[in-house]
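>>> Give me a model of this one.
(one chain, ligands or ions: 1)
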Amino acid sequence: MEKNEQLLHEKFVKFGANAKEWMRKCVLLLPEVNRYSIWKKKGFGSIYEYAAKLAGMSRNTVEDALRILEKIEDKPNLRLVAEQKGLGAVRPVVSLATDENEKFWARKAASMSKNTLETYVREFKRQEEERLVRAPLDAVTETTASRARPGTDASGQEEVQAVKTATVEIKMDLDKTTAEMLLKLKGSGDWNTLMQELLRLREEKLAAEEPIPVVNAKRYIPARIKHHVLQKTNGQCAYPGCTKPHKILHHTRRFILEPTHDSKTLVPLCTAHERLAHQGLIEHEQGEPESWRVRQEADRDKAIYAVDRRVMQYRRSRELQNEGRAWDHPVEGNREAEPAWFRAEGEEGEAER
Ligand SMILES: [Zn+2]
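Predicted coordinates:
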């Protein structure tokens, strides 16, 4: 890019950031303006007209803001995040927040991008639903002795078990020949058994083709390893239930601690799930993806935690520099500019830029 083009862009980013900041300030005043009917006293027909004429706000923006701000009115921590990051940052959690847990959700909203937070909330709700489905079953089977509190390892296994036993209907469009072959294979048996067998064969084939890991590697992942890893999920994010295409090949054993490319410890992830991994919020991350679930807090005792913090801090600083495209840009496209410690045989202790 030419120098004057770069300057033009920088100007736009700066003005844009200011525009967003002032709009945030404006939005936060809406409940008070409404409470004292200031719009009426100033001769406007409604709060919508007032906000549209004086600040260029759409009716949707006003409605959304009043709704969210009412919900977090008595939740000081979430309110603080809304003031700093805007209403969009707290929107995904307002329906979950209570007086007791608002501090927890405020921390999550402060540390995550909107996309990552939405994903985290989705997983969180799903696990909660599974737990509720599971609860009556537990009461019947009385496996009470080993039952742990929600959020601990043991209950995680139970939830995974509960999901495995639930059935899901899938509709498929198959060509005639394939459909006939499958029907023949199923015979008088059931679909689940047949599909499990086909999946097992596929897994065995992939396992037999597992490429030899590259140790003492450079950051660049060899094509044959990349190809093999992507085959396992057909290029989709490996997180259970996530249907997004992958954006990043993630090292479940951090590359900086163990500079190895091993198809057994590399997983394709979408941006949000990769961020959650680096926040230390995926339980059993180094196990099979089927056993993954989100956790409430990272395990700070692990070496991986310190590395992840550096990765997150580094990305945050880049994102702030890049305010216009802040939060959740694809990492792979920006590799060139990453500092050496992030890219390869990272010297611990090297100063961050
Ligand atoms: Zn995903």
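
>>> buried ones in the helix ranked longest in the chain?
Identified as the longest helix of the chain according to DSSP state H is helix 3-35. Of the residues in helix 3-35, those with enough neighbours to count as buried (16 or more other CB atoms under 10 Å) are 13, 24, 26-28, 30-31, 33-34. Backbone N, C-alpha and C define where each C-beta goes, glycine included.

>>> Centre-most residue in the chain?
residue 272 (2.9 Å; CA atoms, centre = their mean).

>>> quick one: contacts for the residue nearest to that residue when sequence neighbours are not counted?
Closest residue in space to residue 272, ignoring its immediate chain neighbours: residue 119 at 3.7 Å, by CB to CB, 6 or more residues apart in numbering. Applying CB atoms under 8 Å, 6 or more residues apart in numbering, we find residue 119 in contact with 242, 270, 272-273, 276.

>>> how about 7 Å then?
With contacts defined as CB atoms under 7 Å, 6 or more residues apart in numbering, residue 119 is in contact with 272-273, 276.

>>> Remind me which helix or strand it belongs to.
Taking DSSP states H and E as the criterion, the element that holds residue 119 is helix 114-141.

>>> returning to what we had before: which among the contacts of residue 119 gets closest to the ion?
Proximity to the ion was ranked across those by CB to the ion; first place goes to residue 273, at 3.6 Å.

>>> Surely the closest one is in a helix?
Yes: applying DSSP: H, G, I helix; E, B strand; the rest coil, one finds residue 273 inside a helix.

>>> ok, it touching residue 240?
No: counting by CB atoms under 7 Å, residue 273 stays clear of residue 240, with 10.0 Å between them.

>>> Which residue of the two possesses the greater neighbour count?
Neighbours per residue (other CB atoms under 10 Å) separate residue 273 from residue 240, with residue 273 holding more: 29 against 15.

>>> ok, that one - contacts?
With CB under 7 Å, 6+ apart as the criterion, the residues that contact residue 273 are 119, 237, 239, 242.

>>> Tell me which two of the residues you listed sit farthest apart.
Spatial extent of the contacts of residue 273 (CB to CB) is set by the pair 119 and 237 at 9.8 Å.

>>> what's next to stretch 103-111, contact-wise?
Identification of contacts with stretch 103-111 by CB under 7 Å, 6+ apart yields 77-78, 80-81, 89-90, 93, 96-97, 117, 120, 279.

>>> again, only this time at 6 Å
77-78, 81, 89-90, 93, 97, 117 (CB atoms under 6 Å, 6 or more residues apart in numbering).

>>> How many residues are close by residue 45?
If you count neighbours by other CB under 10 Å, residue 45 ends up with 9.

>>> Can you turn the buried part of the contacts of stretch 103-111 into a ChimeraX selection?
To isolate the buried members of the contacts of stretch 103-111 in ChimeraX, using 16+ other CB under 10 Å:
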select :77,78,81,89,90,93,97,117
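
>>> To what extent is residue 80 buried, counted in neighbours?
Residue neighbour count, defined by other CB under 10 Å, stands at 15 for residue 80.

>>> tilt between the host helix or strand of it and helix 114-141?
When elements are assigned from DSSP H and E, residue 80 belongs to helix 76-85. Our comparison of helix 76-85 with helix 114-141, counting by axes from the mean of the first three to the mean of the last three CA atoms, to 10 degrees, yields an angle of 150 degrees.

>>> Report the angle between helix 76-85 and helix 3-35.
Using the same axes, to 10 degrees: helix 76-85 against helix 3-35 is 140 degrees.

>>> Determine the set of other helices and strands touching helix 76-85.
Secondary-structure packing of helix 76-85 (3 or more CB pairs under 6 Å, 6 or more residues apart in numbering; DSSP states H and E): helix 102-111.

>>> Buried ones in the helix it packs on, by neighbour count?
In terms of neighbour count (16+ other CB under 10 Å), helix 102-111 has its buried residues at 102, 104-106, 108-110.

>>> List just the nearest of those residues to residue 52.
Using CB to CB, the shortest approach to residue 52 within those belongs to residue 109, at 28.1 Å.

>>> what does this structure have sitting close to the ion?
Applying CB under 5 Å from the ion, one finds that the chain approaches the ion through 237, 239, 242, 244, 270, 273.

>>> Could you rank those residues by neighbour count and give me the top one?
In terms of neighbour count, residue 273 stands highest of the residues of the chain next to the ion at 29 neighbours, by other CB under 10 Å.

>>> Please tell me the pLDDT value assigned to that residue.
In the prediction, the pLDDT value recorded for residue 273 is 96.

>>> Run through the stretch 1-150 of the chain and note the low-pLDDT ranges.
Under the criterion of pLDDT under 70, the regions of the stretch 1-150 of the chain flagged as low confidence span 136-150.

>>> so how far is stretch 251-265 off the chain centroid?
Between the mean C-alpha point of stretch 251-265 and the mean C-alpha point of its chain there is a distance of 21 Å (CA atoms, centre = their mean, to the nearest Å).

>>> what's it in contact with?
Contacting residues not belonging to stretch 251-265 are listed as 210-211, 213-217, 221, 225, 228-229, 285-286, 304, 307, 345-346 [CB under 6 Å, 6+ apart].

>>> Just the buried ones among those residues, please.
Among the contacts of stretch 251-265, those buried by neighbour count (16+ other CB under 10 Å) are 211, 214, 217, 221, 225, 228-229, 285, 304, 307, 346.
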